[in-house]
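# below are the sequence and a predicted model for it; my questions follow.
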Amino acid sequence: MSLSTALQKAVIDALQAHSELAALTDGEISENAVSSFDYPYVTLGPSSFVPDDADCISGRIETVQVDCWSRIGGSLTEARKMLDMAYAALHEVTLVLPDPYAAVDGEAVLARAFSEPDRKTAHGVLQVSFSLEDQGA
């Protein structure tokens, strides 16, 4: 398992462990939207990283995007509520990664809610950065 894949799994696990978010979405929290998902649901969007090596430790700062999807007449209220829940699940939280990887607390760097062009779908975006280490590299 790669470091990015390990982080992605830990992010999904943390979101699913947030009881209110899991209840609101009926557990529909995943890497990609599944065709059987009903609104509201949560998926992961793009991610990126920059190297952050130090003292013979391979490191990076990786930013993961969490996408919150709602469709209640174009209202942003539910998407904003989901953003708050995702923020609570990930901001200043240390995720547990499998050996040989390690993570430091997540830091939310962007949160926004907007309407999609169809004017029916609300989209919440949360970007969270994690300082990661590959202690086996």
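The structure has been received and is ready for your questions. Note that the coordinates shown come from a computational prediction; the quantities given were computed from them, not determined experimentally.

# flag the helix or strand of this structure with the lowest per-element mean pLDDT.
Least confident element among the helices and strands of the chain, by mean pLDDT, DSSP states H and E: strand 101-103 (a mean of 92).

# now do it: distance to the chain's middle.
On the basis of Cα atoms, centre = their mean, to the nearest Å, strand 101-103 is displaced by 16 Å from the centre of the chain it belongs to.

# just the CA coordinates for the helix or strand following that strand, please, in PDB.
Scanning forward in sequence from strand 101-103, with DSSP states H and E defining helices and strands, the next element found is strand 107-115. Extracted C-alpha coordinates of strand 107-115, given in PDB (Å, rounded to 0.1, in the frame of the first residue of the first chain):
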ATOM      1  CA  GLU A 107      -5.000  21.000   9.200                       C
ATOM      2  CA  ALA A 108      -8.000  22.300   7.300                       C
ATOM      3  CA  VAL A 109      -6.800  24.800   4.700                       C
ATOM      4  CA  LEU A 110     -10.000  25.500   2.700                       C
ATOM      5  CA  ALA A 111     -13.700  25.000   3.200                       C
ATOM      6  CA  ARG A 112     -16.300  26.300   0.800                       C
ATOM      7  CA  ALA A 113     -19.900  25.500  -0.400                       C
ATOM      8  CA  PHE A 114     -21.400  26.400  -3.700                       C
ATOM      9  CA  SER A 115     -24.100  25.500  -6.100                       C
END
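
# which strands and helices lie in contact with strand 107-115?
Using 3 or more Cβ pairs under 8 Å, 6 or more residues apart in numbering; DSSP states H and E as the contact test, the elements touching strand 107-115 are helix 77-90, strand 122-134. In this view, the C-beta of every residue, glycine as well, is placed from N, C-alpha and C.
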